[in-house]
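>>> Let me see the structure of the following:
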Amino acid sequence: MKGESNVTLLEACKLLKKSKRTVSRYIKKGLLNPEINGNEYKFNRSDLLKFKKTKRTKKTNKTKPESDIISFLKEQIKEKDEQINKLLERSRETNIMFNRLQNQLLLTGNKEEGKKDKEDKEDRQDKKEKGLNGFFKKLFNR
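Next comes the predicted model:
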């Protein structure tokens, strides 16, 4: 193992075509396991090549699930569009119902208000007649 661990951090970066920072992240995540000699990392070349190959296959595998995800999301969008259209139709129906109810209330409200207005006018006329008639009755009865 020690004979194969001859690749430095910079060489590993060049081999993987990644930055130092990215290779450091791989080490922290446990994806790469170098030997530590003082302040230097020593990588196994065969491990780096295996890691590089696995990264490539993961990228190609990701394209298939991404297309599956895209098709799934497209289906979801279609379903949501249908749901939105149904809700809009329900909203239109409820608006129509509310308008009908408002019209009915206005019609019945006018009848009641008309009755109240007639009663108020009759009461006013009665008071006027009582006032005038009462005055004349008192005047002529004396």
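
>>> where do the helices sit along the chain?
9-16, 20-29, 45-141 (DSSP state H).

>>> Measure how the shortest one sits relative to helix 20-29, angle-wise.
Which is helix 9-16. Helix 9-16 and helix 20-29 are oriented at 90 degrees to each other (axes from the mean of the first three to the mean of the last three CA atoms, to 10 degrees).

>>> quick one: contacts of helix 9-16?
Contact with helix 9-16 is made by 7, 19-20, 22-23, 32, 34, 40-41, 43, 45, 48-49, 51-52, 55, as judged by CB atoms under 8 Å, 6 or more residues apart in numbering. (C-beta placed from N, C-alpha, C; glycine too.)

>>> For ChimeraX, write the select line for the buried members of the residues you listed.
Here is the ChimeraX selection string for the buried members of these, based on 16 or more other CB atoms under 10 Å:
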select :7,23,32,34,41,43,48,51
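
>>> Can you say which two of the contacts of helix 9-16 are spatially most distant?
Pairwise distances across these (CB to CB) peak at 23.5 Å, for the pair Glu40 and Lys55.

>>> Against Lys86, how distant is the one residue sitting closest to the centre of the chain?
Centroid-nearest residue in the chain: Lys80, 11.4 Å away (criterion: CA atoms, centre = their mean). Relative to Lys86, Lys80 is positioned 11 Å away (CB to CB, to the nearest Å).

>>> Name the residues contacting each of the two.
Common neighbours of Lys80 and Lys86 (CB under 8 Å, 6+ apart) do not exist.

>>> list the contacts for the residue nearest to Phe43 when sequence neighbours are not counted?
Sequence neighbours aside, Val7 is the residue nearest to Phe43 in space, at 4.2 Å (criterion: CB to CB, 6 or more residues apart in numbering). Listed by CB under 8 Å, 6+ apart, the contact partners of Val7 are 15, 42-45, 48.

>>> hmm, try it at 10 Å
Going by CB atoms under 10 Å, 6 or more residues apart in numbering, Val7 touches 13-15, 34, 41-48.

>>> And Ile36, by the same measure?
Ile36 is in contact with 27, 42, counting by CB under 10 Å, 6+ apart.

>>> Model confidence for it, exactly?
Note for Ile36: predicted pLDDT of 85.

>>> and which of the contacts of Val7 is nearest to Ser91?
Cys13 (59.1 Å).

>>> Perfect, I'm done here.
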